[in-house]
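Enquirer: Have a look at this prediction, sequence included:
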Amino acid sequence: MALKLYGAAMSPCTSRVMTCLHEKEADFELIPIDLFAGEHKQLPFLAKNPFGQIPALEDGDLSLFESRAISAYVAEKYKEAGHDLIRYQSLKEAAEVKVWMEVESQQYHPAMSPIIFQFFAAPLQGKAPDQAIIDENLEKLGKVLDVYEEKLSRTKYLAGDFYSLADLFHLSFTYYFMKTPCANLINERPHVKAWWEDISSRPAFQKVASAMTFGEKGN
Ligand SMILES: N[C@@H](CCC(=O)N[C@@H](CSO)C(=O)NCC(=O)O)C(=O)O
């Protein structure tokens, strides 16, 4: 039976899960939740995620939320299908994947998401981007990217010489980041740039990126 993903194609958190579903060649249905109408802040959606945020996923009687947890579930459930994202046959490699999944959510995302908010969400609320917030977080992100540059000079991908869920977790927010005037923060770091070009060119993400139209005319 097809998995049901509740969210919005342009939302980076929904796109994170869709990218994983495509890598695993999983059959799913995207059920749109209208953020602009506040559908995510009321029942029935609140019963799927009490924090009132997209995405949520239903697989039979299992209902999940948090895009990274949903992606990890999908990667485990379909571990023998499509690309192995969690290195389930190697305890050591799987542990490295877990380290860099945490790095994305604990180091990279906290610096990246305020920048994305300023460029894409603030204007929707009629506010100009707050340059002080952008600058403060660019400095933090630069320090994180310096660590990435060194690591990626030693391994092709973050967890090793294999593409994993850790790399995938970065795709959707970084896609929007590369559309801002701050893209040079990645482009000026050769190993990070090469890594970004490699992971964002994967067919599973390309399928998703075409619908990631935040900030474009009419959105
Ligand atoms: N840690 C959670 C964050 C979900 C989230 O921020 N969802 C956003 C859209 S994705 O950018 C959202 O629902 N925003 C609307 C709101 O917060 O009101 C996850 O990874 O699933």
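Expert: Cool, got the structure.
Enquirer: quick one: stretch 111-124 near the ligand?
Expert: No. Counting by C-beta under 6 Å from any ligand atom, the ligand is not contacted by stretch 111-124; separation bottoms out at 7.9 Å. Just so you know, the C-beta spots here come from the backbone N, C-alpha and C atoms, and that holds for glycine as well.
Enquirer: Give me the residues contacting that stretch.
Expert: The contact list for stretch 111-124, computed with C-beta atoms under 8 Å, 6 or more residues apart in numbering, reads 12, 128-130, 133-134, 136-138, 140-141, 144, 173-174, 176-177, 179-180, 182, 214-215.
Enquirer: if we go to 6 Å?
Expert: Where contact means C-beta atoms under 6 Å, 6 or more residues apart in numbering, the residues beyond stretch 111-124 that reach it are 129-130, 133-134, 137, 140-141, 144, 173, 176, 180, 214-215.
Enquirer: Specify the local secondary structure of D146.
Expert: Assigned with DSSP: H, G, I helix; E, B strand; the rest coil, D146 falls in the helix class.
Enquirer: Per-residue confidence, the nearest residue to S63 once chain neighbours are set aside, what does it come out as?
Expert: Closest residue to S63 apart from its sequence neighbours, by C-beta to C-beta, 6 or more residues apart in numbering: K48 at 5.6 Å. pLDDT, K48: 98.
Enquirer: Also N219?
Expert: In this model, N219 is scored at 60, pLDDT.
Enquirer: Next: Q125.
Expert: Note on Q125: pLDDT of 89.
Enquirer: What residues of the one helix or strand T19 maps to count as buried?
Expert: Element membership of T19, judged by DSSP states H and E, is helix 12-23. By neighbour count on 16 or more other C-beta atoms under 10 Å, the buried set for helix 12-23 is P12, C13, T14, S15, R16, V17, M18, T19, C20, L21, H22, E23.
Enquirer: Run through who's touching the next helix or strand after that helix.
Expert: Sequence order places strand 28-32 as the next helix or strand after helix 12-23, per DSSP H and E. Contacts to strand 28-32, defined as C-beta under 6 Å, 6+ apart, come from residues A2, L3, K4, L5, Y6, L21.
Enquirer: who in this structure is up against the ligand?
Expert: S11, P12, C13, L35, H40, Q53, I54, E66, S67, R68.
Enquirer: Tell me which helix or strand the last one sits in.
Expert: When secondary structure is defined by DSSP H and E, R68 falls within helix 67-77.
Enquirer: Now tabulate the buried residues of helix 12-23 in TSV and tack on pLDDT.
Expert: Putting those into TSV (pLDDT from 0 to 100) gives the following:
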residue	pLDDT
P12	97
C13	98
T14	98
S15	98
R16	98
V17	98
M18	98
T19	98
C20	98
L21	98
H22	98
E23	98
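Enquirer: For the residues of the chain next to the ligand, which entry has the maximal number of neighbours?
Expert: Counting neighbours by other C-beta atoms under 10 Å, the top entry in the residues of the chain next to the ligand is S67, with 28 neighbours.
Enquirer: which residue ranges form the strands in this protein?
Expert: Assigned by DSSP state E, the strands in the chain fall at 3-7, 28-32, 56-59, 62-65.
Enquirer: CA atoms only for stretch 77-84, dumped as CSV, please.
Expert: Extracted C-alpha coordinates of stretch 77-84, given in CSV (Å, rounded to 0.1, in the frame of the first residue of the first chain):
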residue,chain,number,x,y,z
LYS,A,77,12.1,-0.2,5.8
TYR,A,78,13.4,-0.2,2.2
LYS,A,79,17.0,-0.9,3.0
GLU,A,80,17.4,-3.5,0.3
ALA,A,81,15.7,-1.4,-2.4
GLY,A,82,17.3,1.5,-4.4
HIS,A,83,20.5,3.1,-3.0
ASP,A,84,21.7,1.9,0.5
